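In: Fold the following, please.
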Amino acid sequence: MKAIARLFGQLGKYKLLILGNVVANVFMVVFSVISIPALIPFLNILLDQQPIVSAPPAEAFSISSAEGYVNYWLSEVIASQGKRIALMYACGSIVVLYFLRNLFRYLAQFFLAPVRNGIVRDLRQKLFEKILALPLSFFSEERKGDLLSRMSADTQEVETSILNVLVTIIREPLMIVGAFGFMIYMSPSMTFIVLGLLLFTGLIIGRIGKMLKRQSAYVQSKLGELVSMMEEAIGGLRVLKGFNAQGYLSKRFSQENDSYYHTLVRLLWRKELSSPLTEFLGVATVAVLIWIGFGEVQKGSLTVPSFFAMLYAFFSMIEPAKKLSSAWYNVQKGSAALDRIDSILKLDEIIKDSVEAKMITSFEKEIEYRNVGFSYMNDSAGIALENISFSVPKGKIVAVVGPSGAGKSTLIDLLPRFYDVTSGQILIDGMDIRTIKLSSLRSLFGIVTQEPVLFNDTVRNNIAFGDPGASIEAIEKAAKIANAHEFISKLEHGYATIIGDRGVKLSGGERQRITIARAILRNPPILLLDEATSSLDSASERLVQDALNKLMKGRTAIIIAHRLSTVQHADEIIVLKEGRIVERGTHTELIDLQGEYEKLVRMQSL
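Out: Numbering: from 1, shown residues only. Have a look, this model is predicted:
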């Protein structure tokens, strides 16, 4: 419930709209309540029980004086124009009251619509920005599909379940209070009996609602698992089909889907119980009300029209009571979804700017790793890097090689602070990178990874990613340097071609050259290349390697190399094994050393 309180705490920015909603709801309730006693003159005329009043009541602002004025006015109409005309006036007044009631009901919804959707928009935006701000270590612990479920299904559940309550939270209680007040005025004894029955109904609904919240949380988590399986299946279709694993995965999905189905059915059974239960208990209360009211009419303490008006007042309470009970169920259901969202929003970003963080505008001297150690969160395998120390002077190229799992990619990821070191420090021009503003730190780097990261957008926008103001001339120049201009020009719409999800319409080499063009356009002083050619064929590798050589010219670069032939001319080669530096030197020096590097070279030459 604390999460719901925080959610409603955001209503402040919509205060004018909420004020409009409250005012409209108040007027709607006023006209609804007035329409109840308006039935009495109508029934009096029909039943020929309209009292004849020959003089207006004394001036006073009260219900009895208002009733006296209505009776006096109807008496005048009956005397001068007849009962039929008086009945027409009574019917007309009811029509006008209901028109005004529904006009203000619409206005209340009109003012509320931007509030409901605005809160969900703000919540979704906060969740997206939080996910962008969280460290990479978080995503190694969470399933992508579950995060997508929280951003889509859970936020939608908040809108449909919790924010729907905004419709009823003001209007329905006011309606119940208004109708209840009229009933007390007409017959206090009967009203308090009704109150006791309503409290009994509320207790039953409250107990069912608590069970609903627990089950809703489980339903949302099961949906997250389903979305994760779908996301993994779509992303791995080539492998699935290649290994004829469709049947296996379909069976797994069917089991999860059936589990979700049965849980959701049980949830809906409980949820749908609220409205019929409220209506049944309401009808039972009406039966008690009629039985007691019949005795009041027989005793003469209540007229037949007044009794019918009181019954109508009670019926006017049943629908709001049903909506409130359904709203309670929905809040329980939606709060489970909101708790899942809130668990992300409350996470510490970990990697963020310190209060004293400074801007850095250029790279002048060197990068230094000083006694760096690192271990992943919840990693039972132990540390990933231990006691790493080396420096990269400006303009030099350093290659990092080693077997799979040696910590090569981790070493590079620490530099732009995708992760923070566990021990030691990394310095740029003598400044600890943790004292540099993240935005300015990351602006120093151009990153080309083993798996090209492209978006379902045009070639132009993919190259200009992060620099939307780049001119087409600058984009084309970067593409030419990256050996990409020729194949881009042959595409159906050239630079305006949509390349599909993750660049699926392009080959691996073409995708990689676009990411290189992106790095060239950024013109960074430092390059981080993570096995950028390891997954390419020989022809594509030659084109990409040529583009990389152009990109590295005159720049500082740290290269993770899988194919050792690509780093033979590096100024220094660092050999990692099990998270430690075991060798370092030039290609010639390391070959002469006859150690780990020489073994790797010999294995690749076989």
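In: what residues are up against the closest residue to Val33 other than its chain neighbours?
Out: Once flanking residues are discounted, Val33 sits nearest to Gly178: 3.7 Å by Cβ to Cβ, 6 or more residues apart in numbering. Every C-beta, even on glycine, is put in place using the N, C-alpha and C of the backbone. Contacts for Gly178 (Cβ atoms under 8 Å, 6 or more residues apart in numbering) come out as Val29, Val30, Ser32, Val33.
In: and if we set it to 10 Å?
Out: The contact partners of Gly178, taken as Cβ atoms under 10 Å, 6 or more residues apart in numbering, are Val26, Val29, Val30, Phe31, Ser32, Val33, Ile34, Ile36, Ala313, Ser316, Met317, Pro320.
In: Out of these, which one has the weakest pLDDT?
Out: When it comes to pLDDT, Ile36 is the least confident member of the contacts of Gly178, at 70.
In: neighbours of it, just the number please.
Out: Applying other Cβ atoms under 10 Å, we find 21 other residues in the vicinity of Ile36.
In: That one is in contact with Arg101, isn't it?
Out: No - between Ile36 and Arg101 there is no contact, the gap being 11.0 Å when judged by Cβ atoms under 10 Å.
In: pretty sure Ser391 belongs to a helix, no?
Out: No - if the criterion is DSSP: H, G, I helix; E, B strand; the rest coil, then Ser391 is strand and not within a helix.
In: Nearest residue to it in space, please, no chain neighbours.
Out: Take Ser391 and drop its neighbours on the chain: the residue closest to it by Cβ to Cβ, 6+ apart is Glu368, 4.4 Å away.
In: separation between that neighbour and Arg417?
Out: Glu368 sits at a distance of 15 Å from Arg417 (criterion: Cβ to Cβ, to the nearest Å).
In: I'd guessed Ser423 sits against Ser389; true?
Out: No - here Ser423 does not reach Ser389: they are 11.7 Å apart, not a contact under Cβ under 10 Å.
In: Just want to know which of these two has more residues nearby.
Out: Residue environment comparison for Ser423 versus Ser389 gives the larger neighbour count to Ser423, 14 against 11, counting by other Cβ under 10 Å.
In: what about the nearest residue to the more buried one once chain neighbours are set aside, helix or strand, and which?
Out: Here the nearest residue to Ser423 in space, its sequence neighbours aside, is Gly373; by Cβ to Cβ, 6+ apart that works out to 3.8 Å. Per DSSP states H and E, Gly373 falls inside strand 366-374.
In: Render the CA-only coordinates of that strand in CSV, please.
Out: Coordinates of the C-alpha atoms in strand 366-374 are reproduced here as CSV (Å, rounded to 0.1, in the frame of the first residue of the first chain):
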residue,chain,number,x,y,z
GLU,A,366,47.4,8.1,-20.5
ILE,A,367,45.0,5.5,-19.1
GLU,A,368,46.2,3.6,-16.1
TYR,A,369,44.8,0.5,-14.4
ARG,A,370,46.3,0.5,-10.9
ASN,A,371,45.9,-2.8,-8.9
VAL,A,372,42.4,-3.3,-10.3
GLY,A,373,40.3,-6.2,-8.9
PHE,A,374,36.7,-7.1,-9.8
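In: re the thing from before, which residues are common contacts for Ser423 and Ser389?
Out: When Cβ under 10 Å, 6+ apart defines a contact, the residues bordering Ser423 and Ser389 alike are Asn371, Val372.
In: how many other residues sit next to the residue nearest to Ser423?
Out: Counted with other Cβ under 10 Å, residues neighbouring Gly373 total 15.
In: That one and Ile426 touch, don't they?
Out: No - Gly373 is beyond contact range of Ile426, at 11.4 Å (criterion: Cβ under 10 Å).
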